Structure formats: C-alpha cells, structure tokens
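> Would you be able to build a 3D model of this:
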Amino acid sequence: MTPRSKPRIEFVALLAACALFLSTIEYLIPKPLPFMRLGLANLPLIIALGLLSWKEYLLLALLKVLGQALISGTIFSYIFLFSLAGTTASILIMLLLYNVLKKRVSLIGISIAGAMASNIAQLLLSRYLLFGEAAKLVAPPFLIVGLVTSIILGVFAQQFIAKSRWYKGVQ
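Predicted coordinates:
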C-alpha cells in the first residue's frame, strides 16, 4: 500500500458512509413497491464522478450496494439483485457520460441518464422475475419518479459542487 492509497481508501469509505446514511434515511420513506426508491444514496455517487478514479468509483458503488443490502436485510433477496443491476447500469452510464461528454452534459443530464439506466435495468428484471407482462403497468410511474428525483439530485449535486469549499479542497 502506497502512502497515497490509504487516504484514498478512507475517502471512498467516507463517501460510502454518506451513501449509506442517505440510504437509511430513504428507508424511512414509504414505497409503493419494494424496489421503487428515490435514489438519495446515489447523491455521493454523482458528486464523486469528478473525484475518484474509475476503480475507486466502482468500489464506492459496490460498498453502497452491499451496505444497503446489509442495513435493510435484503442481501439474500431479489431486492439485492434489483439494487445491484440498477446500480451497475447507472454507474456505467454515468461514468461513460462524465468521462466522454462531461463538457456537453451537465450533472443533471448525467443524473437523469443514470436513473433511467437503473430504472430500465430494474424494469427488465421485474418483467422476467416478478411481474411478467404486467411490468409495463409499473413502468410509467417508476420512470416518472426516477426522472423527477434524478433532476432534483442532479441540481443538488451541481449546486453542491459549484459552491462547496469541501469539494474544492478534495478535488
């Protein structure tokens, strides 16, 4: 372990702890379906796009998914699979957009793309694992909630990055 790697691991752990705190807050909010969430725990992931290497970013996402599953007791359920699939789809599209088109796409657009990728992955799983053809009935409200919350999270992340002294200090 190099002297530089230890603080980076601690930084990833700090961001993961923030994601888990937000996830815990989110679990207090009632959901119409077990996998329909607001995505508050994704805020540290959006903010971390400009701070972490892709390996550190993947570690952060993995810690978020595993931590959420442990906190909620869903690690051996289909909910864990939904979370893993949604987070994987989301981080891949967000990393791609941020690294390839960051000058053309704002964090709001990246947040929306990440949420839609997550929602589509989860809808596909729900189609084949839970609801069958009836998944199309769940899709509109699921996608609308994802769109609205991703816009709000993107605006918050963009404002946080623009105004935060902490962010400027760790950049």
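
> Specify which residues of this structure, grouped into ranges, have pLDDT under the cut-off.
For the chain, the stretches flagged by pLDDT under 70 are 1-7, 33-36.

> what are the ranges of the helices in it?
For the chain, the helices defined by DSSP state H cover 5-27, 43-48, 54-72, 78-101, 107-126, 135-163, 165-170.

> Out of those, which gets nearest to residue 37?
Of all those, helix 5-27 sits nearest to residue 37, with 5.9 Å by Cβ to Cβ. C-beta: built from backbone N, CA, C; applies to glycine.

> Pull that closest one out as PDB, backbone CA atoms only.
Output of helix 5-27 as PDB, limited to C-alpha atoms (Å, rounded to 0.1, in the frame of the first residue of the first chain):
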ATOM      1  CA  SER A   5      -3.600   4.900  -1.400                       C
ATOM      2  CA  LYS A   6      -4.600   4.800   2.300                       C
ATOM      3  CA  PRO A   7      -6.200   8.300   2.300                       C
ATOM      4  CA  ARG A   8      -8.000   7.400  -1.000                       C
ATOM      5  CA  ILE A   9      -9.400   4.300   0.600                       C
ATOM      6  CA  GLU A  10     -10.500   6.400   3.600                       C
ATOM      7  CA  PHE A  11     -12.100   8.900   1.200                       C
ATOM      8  CA  VAL A  12     -14.000   6.200  -0.600                       C
ATOM      9  CA  ALA A  13     -15.200   4.900   2.700                       C
ATOM     10  CA  LEU A  14     -16.300   8.400   3.700                       C
ATOM     11  CA  LEU A  15     -18.400   8.700   0.500                       C
ATOM     12  CA  ALA A  16     -19.800   5.200   1.100                       C
ATOM     13  CA  ALA A  17     -20.800   6.100   4.600                       C
ATOM     14  CA  CYS A  18     -22.600   9.200   3.200                       C
ATOM     15  CA  ALA A  19     -24.400   7.000   0.700                       C
ATOM     16  CA  LEU A  20     -25.400   4.500   3.500                       C
ATOM     17  CA  PHE A  21     -26.600   7.400   5.700                       C
ATOM     18  CA  LEU A  22     -28.800   8.700   2.900                       C
ATOM     19  CA  SER A  23     -30.000   5.100   2.200                       C
ATOM     20  CA  THR A  24     -31.000   4.700   5.800                       C
ATOM     21  CA  ILE A  25     -32.900   8.000   5.600                       C
ATOM     22  CA  GLU A  26     -34.600   6.800   2.400                       C
ATOM     23  CA  TYR A  27     -35.700   3.500   4.000                       C
END
